[in-house]
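K.L.:
what follows is a predicted protein model with its sequence.
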Amino acid sequence: MTSAAPTPLALIAELTHRCPLHCVYCSNPTELTRRADELSTDVWSRVFREAAEAGVLQVDFTGGEPLARPDLTELVRSARAAGLYVNLITSGLPLEEARLDELLQAGLDHIQLSFQGAREESANEISGTKAHAQKLRVLDWLRTRPVALTLNFVIHRRNIDQIPEMLALGESSSAARIEFANVQYYGWAFQNRENLLPSRDQLDRSMELLKRAEERLRGKIHVEFVVPDYYAKYPKACMGGWARKFVLVTPDGDALPCHAAKMIPGLQFENLKDRSLGEIWEKSEAFQKFRGEEWMPEPCKSCDRRDRDFGGCRCQAFLLTADATATDPVCSLAPQRPLVDAIVASANRPTATTLVQPNWIYRPNPA
Amino acid sequence: MSTPELSSRPRLAVGCRLNEKGQPSRVLHMPEKALRLSGPSLEIVERCDGDRTVEEIVADLQRIYSKADPQKVKDDILAYLARLHDDRALDFVSNQADRSAGAK
């Protein structure tokens, strides 16, 4: 019944759900963890050691905003001491130069700096904060510092036409990678999807542009593009397959196979305060539930792509069909694909516009 | 592919590093990727310190793998270094001036 557990490769550490930004597509769950419930420095340090023992090579510090943790430098140090490669996914605030140097001295390997766009006004509208100017300052500080840098642009209907400006910003920086990741529609993004999903025309134009940029920048900057899977023919291999590569730990210590797994009803998640990471990875019910192929329905079960996309995303299946064991409905072979076609059609109505100011649902800050 | 000059000195790029000796397996960490290394690949990467030239690395490996065809060893090393460079894991430092400028 259960498949043998593969070796986990990366730990996604959601250090906190607190964040100075309020992005309308935030990947955090709609129910946010309170500050009082966050894991202590000591427990996180133990989690890093257990992760390394289980075979994990890299930790991604994310949130919320990891910089909101006053002990971030200590966490970097203890993750490095455990033997992990340390990656910080950050909005760049709140940060001063001295703290940046402290983090680098503690052993931070790689920074992924997120941008909401290339234009200050629209970027600030998306994040619900005046954050853009500070990001440019951080970009400038990073120019002279020995750390790997990736710029992350989150792409959607209202900024997809700024891609040339985003590329220019990336090229003027010390980044070796620029990632253009279309919004994925869960949590807050799902609530705002009508105002975020680009049109087919917008998407085609952006892909053409990025293909040319990729060729032009080859060997200098690596350009990565993640399409919105609503427009794809086959689903993404979400998380590289359920509980195959990644383990995510929430701010209060629950271990999950992905960011959104808590939305799936009936899954029991275990907490790092009660059980070791290695044990949870191997034995917990939630990790075993969709590991391997046993759970698959048709057309996945007999599909020759099943070891490439693993049936797609369980959370998306649940979100759109109310059944977490369904074939991901973005798949053109899925019986429920018409659900996605309807959303795509609505984003491509001639009346769908980017001119009217949307009524954004902003992500709040937890207590 | 960008075949390195024999006189250049390969150095791991910023954000790329070998994990410490004594770990269960040796790994070259890169942003968003990691390679498990053993045998010749590890011997090569361990020598990419910005100090040794490609020529010196080739000579070292030809000594270690003395039973293999020296030309094949050289070709394999050049191809491997080029691949790591395309992966942005290596910089090829071309002369003394660059070396000191690159050392932070």
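P.N.:
Yes, it's here. Note that the structure is predicted; figures quoted are calculated from it, not measured.
K.L.:
give the closest residue to whichever residue of chain B sits closest to chain A in space, chain neighbours not counted.
P.N.:
Evaluated by CB to the nearest CB, chain B has B:Gly15 as its residue closest to chain A, separated by 2.1 Å. Placement of C-beta: from N, CA and C, glycine included. In space, and not counting its chain neighbours, B:Gly15 is closest to A:Ala148: 2.1 Å by CB to CB, 6 or more residues apart in numbering or on different chains.
K.L.:
run a quick neighbour tally on that neighbour.
P.N.:
Neighbour count of A:Ala148, defined by other CB atoms under 10 Å in any protein chain shown: 25.
K.L.:
quick check: bridge partners of it?
P.N.:
A:His110 (DSSP bridges).
K.L.:
wait, it sits on A:Ile111?
P.N.:
Yes. In terms of CB atoms under 8 Å, A:Ala148 counts as a neighbour of A:Ile111; the distance is 7.2 Å.
K.L.:
mind listing what the closest residue to chain B within chain A touches?
P.N.:
Across chain A, the shortest distance to chain B (CB to the nearest CB) belongs to A:Ala148, at 2.1 Å. Contact analysis of A:Ala148 by CB atoms under 8 Å, 6 or more residues apart in numbering or on different chains lists A:Asp109, A:His110, A:Ile111, A:Ala176, B:Ala13, B:Val14, B:Gly15, B:Cys16, B:Pro31.
K.L.:
the same query, at a cut-off of 6 Å, please.
P.N.:
Shown in contact with A:Ala148 (CB atoms under 6 Å, 6 or more residues apart in numbering or on different chains): A:His110, B:Val14, B:Gly15, B:Pro31.
K.L.:
from A:Arg177, how far off is it?
P.N.:
Separation of A:Ala148 from A:Arg177 (CB to CB, to the nearest Å) stands at 8 Å.
K.L.:
and if you look at B:Ile64?
P.N.:
For B:Ile64 relative to A:Arg177 (CB to CB), the value is 34 Å.
K.L.:
can you map out the strands along the stretch 1-150 of chain A?
P.N.:
Assigned by DSSP state E, counting those that start in this stretch, the stretch 1-150 of chain A shows strands spanning A:10-14, A:58-62, A:85-90, A:110-115, A:148-155.
K.L.:
which residues touch the helix or strand that the longest one is followed by?
P.N.:
Of the helices and strands lying after strand A:148-155 in sequence (DSSP states H and E), the nearest is helix A:163-171. Helix A:163-171 is touched from outside by A:Ala118, A:Leu151, A:Phe153, A:Ile178, A:Ser206, A:Leu209, A:Ala213, with contacts defined as CB under 6 Å, 6+ apart.
K.L.:
near chain A, which residues of chain B are found?
P.N.:
B:Val14, B:Gly15, B:Gln23, B:Val27, B:His29, B:Pro31, B:Ala34, B:Arg88, B:Lys104 (CB under 6 Å from any CB of the partner chain).
K.L.:
pull the most distant pair out of these.
P.N.:
Farthest apart among the residues of chain B next to chain A by CB to CB are B:Gln23 and B:Lys104. That separation is 25.6 Å.
K.L.:
what about these two, which has more around it?
P.N.:
Neighbour count, other CB under 10 Å: between B:Gln23 and B:Lys104, B:Gln23 has more, with 12 against 7.
K.L.:
helix, strand or coil for that one?
P.N.:
Counting by DSSP: H, G, I helix; E, B strand; the rest coil, the backbone at B:Gln23 sits in coil.
K.L.:
the nearest residue to it once chain neighbours are set aside: how many residues sit nearby?
P.N.:
Residue nearest to B:Gln23 in three dimensions, not counting chain neighbours: A:Gly83, with 5.8 Å by CB to CB, 6+ apart. Counted with other CB under 10 Å, residues neighbouring A:Gly83 total 19.
K.L.:
ok, A:Leu277 next?
P.N.:
Applying other CB under 10 Å, we find 24 residues neighbouring A:Leu277.
K.L.:
which residues touch the residue nearest to it when sequence neighbours are not counted?
P.N.:
Once flanking residues are discounted, A:Leu277 sits nearest to A:Glu50: 4.0 Å by CB to CB, 6+ apart. By CB under 6 Å, 6+ apart, the contact list for A:Glu50 reads A:Ser276, A:Leu277, A:Gly278.
K.L.:
quick one: which of these sit in helices?
P.N.:
Among those, DSSP state H puts A:Leu277, A:Gly278 in helices.
K.L.:
can you check the pLDDT for A:Thr41?
P.N.:
We have a pLDDT of 98 for A:Thr41.
K.L.:
and the helices in the stretch 1-150 of chain A?
P.N.:
A:41-54, A:72-81, A:97-105, A:120-127, A:132-142 (DSSP state H, counting those that start in this stretch).
K.L.:
and these, which one is worst for confidence?
P.N.:
Least confident of those, judged by mean pLDDT, is helix A:120-127 with a mean of 93.
K.L.:
who does it touch, helix- and strand-wise?
P.N.:
helix A:132-142 (3 or more CB pairs under 6 Å, 6 or more residues apart in numbering or on different chains; DSSP states H and E).
K.L.:
got the CA positions of the helix it packs on in PDB?
P.N.:
Taking Å, rounded to 0.1, in the frame of the first residue of the first chain, the C-alpha atoms of helix A:132-142 are listed here in PDB:
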ATOM      1  CA  HIS A 132       9.700  49.100  -4.200                       C
ATOM      2  CA  ALA A 133      12.200  51.800  -3.400                       C
ATOM      3  CA  GLN A 134      13.700  49.800  -0.500                       C
ATOM      4  CA  LYS A 135      14.100  46.800  -2.900                       C
ATOM      5  CA  LEU A 136      16.200  49.000  -5.200                       C
ATOM      6  CA  ARG A 137      18.400  50.000  -2.300                       C
ATOM      7  CA  VAL A 138      19.000  46.300  -1.400                       C
ATOM      8  CA  LEU A 139      19.800  45.600  -5.000                       C
ATOM      9  CA  ASP A 140      22.400  48.300  -4.900                       C
ATOM     10  CA  TRP A 141      24.000  47.000  -1.700                       C
ATOM     11  CA  LEU A 142      24.200  43.500  -3.200                       C
END
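K.L.:
residues in contact with that helix?
P.N.:
With contacts defined as CB under 6 Å, 6+ apart, helix A:132-142 is touched by A:Gly92, A:Leu93, A:Leu95, A:Glu97, A:Leu100, A:Phe115, A:Glu120, A:Ala123, A:Asn124, A:Leu149, A:Ser173, A:Ser174.
K.L.:
okay, now the third one: neighbour count?
P.N.:
By the criterion of other CB under 10 Å, A:Leu95 has 19 neighbours.
K.L.:
return the per-residue confidence for it.
P.N.:
At A:Leu95, pLDDT is 97.
K.L.:
need the residues of the stretch 1-150 of chain A near chain B, please.
P.N.:
Taking CB under 6 Å from any CB as the measure of proximity, the stretch 1-150 of chain A contacts chain B at A:Leu57, A:Gly83, A:Tyr85, A:Asp109, A:His110, A:Pro146, A:Ala148.
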